[in-house]
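Q: next comes the sequence, and after it the predicted model I'd like to discuss.
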Amino acid sequence: MQNSIIWPEGYLPGTTDNFCSNEVIVSGLRTTDIWPLLANPFEWPKYYHNSSDIEFLNEEHKQFTAEVRFRFKTFGFPIEAQVTEYVPPVEGKPARLAWHGWAEGDAETRLDVIHAWLIEDLEGGRVRILTQETQIGNPAKELAKTKPNPMINGHQDWLEGLVEYAKQLI
């Protein structure tokens with residue numbers, strides 16, 4: 001049985017305006033190879049070109065912990081976010097990272113998202129990396145209708161970049 005994302009109330013896939021899910025399973029990496037590259041958002045631009053202008057609201061923070069607030073740009077949106085789930089790798093259990101992100105605006109332009117990650121070691125020296133995002137708001141409705149889907153393609157780029165970067169570091 002595979003583990004799954006834990007969704008907060010109001011963000012369950014199928015009940016929001018947009019949802020995307022991307023997953024890779026690769027050999028030769030472990031959760032502990034992936035986690036530091038994901039839990040430190042300053043690493044993101046090194047392997048994911050669609051993230052920039054990363055900053056913590058409290059300048060003392062250098063990586064994620066529970067409830068940390070941060071800002072970044074992605075898909076052309078300036079996003080403010082707060083970590084909602086932070087579970088570092090522990091042998092035999094999946095690592096989990098999620099944040100609530102939002103782009104301020106009026107009823108037409110506001111966007112709210114939950115972006116969640118699950119990383120788990122599998123038998124045979126493999127790692128599974130799952131990332132899913134639910135979105136609420138008119139921008140999400142427009143993204144859901146766009147073909148090809150920029151969220152699916154962008155998050156696949158994120159996953160593939162993460163894997164390739166991690167392989168270079170081991």
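A: In hand now; what should we look at? Numbering: from 1, shown residues only.
Q: OK, contacts around Glu120?
A: Residues near Glu120 by CB atoms under 8 Å, 6 or more residues apart in numbering: 3, 31, 93-95, 127-128. Any C-beta I mention is one placed from the backbone N, CA and C, and that applies to glycine too.
Q: ok, how many other residues are close to the closest residue to it other than its chain neighbours?
A: With CB to CB, 6 or more residues apart in numbering as the criterion, Glu120 has its nearest non-adjacent residue at 3.7 Å, and that residue is Pro94. Pro94 is flanked by 19 other residues according to other CB atoms under 10 Å.
Q: how close does Pro94 sit to Glu23?
A: Computed as CB to CB, to the nearest Å, the Pro94 to Glu23 distance reads 13 Å.
Q: need the contact list for the residue nearest to Glu120.
A: Neighbouring residues of Pro94 by CB under 8 Å, 6+ apart: 3, 31, 87, 118-120.
Q: and these, which are buried?
A: 31, 87, 118-120 (16 or more other CB atoms under 10 Å).
Q: out of those residues, list just those in strands.
A: Counting by DSSP state E, the part of the buried ones among the contacts of Pro94 found in strands is 87, 118-120.
Q: let me know the closest of these to Glu133.
A: Of all these, Glu133 sits closest to Leu118, with 12.5 Å by CB to CB.
Q: my read is Asp53 is in a helix, agree?
A: No - Asp53: not assigned to a helix; according to DSSP: H, G, I helix; E, B strand; the rest coil it is strand.
Q: could you find the closest non-adjacent residue to it?
A: Among residues not flanking Asp53 along the chain, Lys73 sits closest, at 4.6 Å (CB to CB, 6+ apart).
Q: identify the bridge partners of the one you found.
A: With DSSP bridges applied, Lys73 shows beta-bridge pairing to Ser52, Pro78.
Q: tell me how far Glu164 lies from Val26.
A: Remark: distance between Glu164 and Val26 (CB to CB) = 10 Å.
Q: look through the chain and tell me its longest helix.
A: Using DSSP state H, we find that the single longest helix of the chain is helix 150-169.
Q: that concludes my questions; thank you for your assistance.
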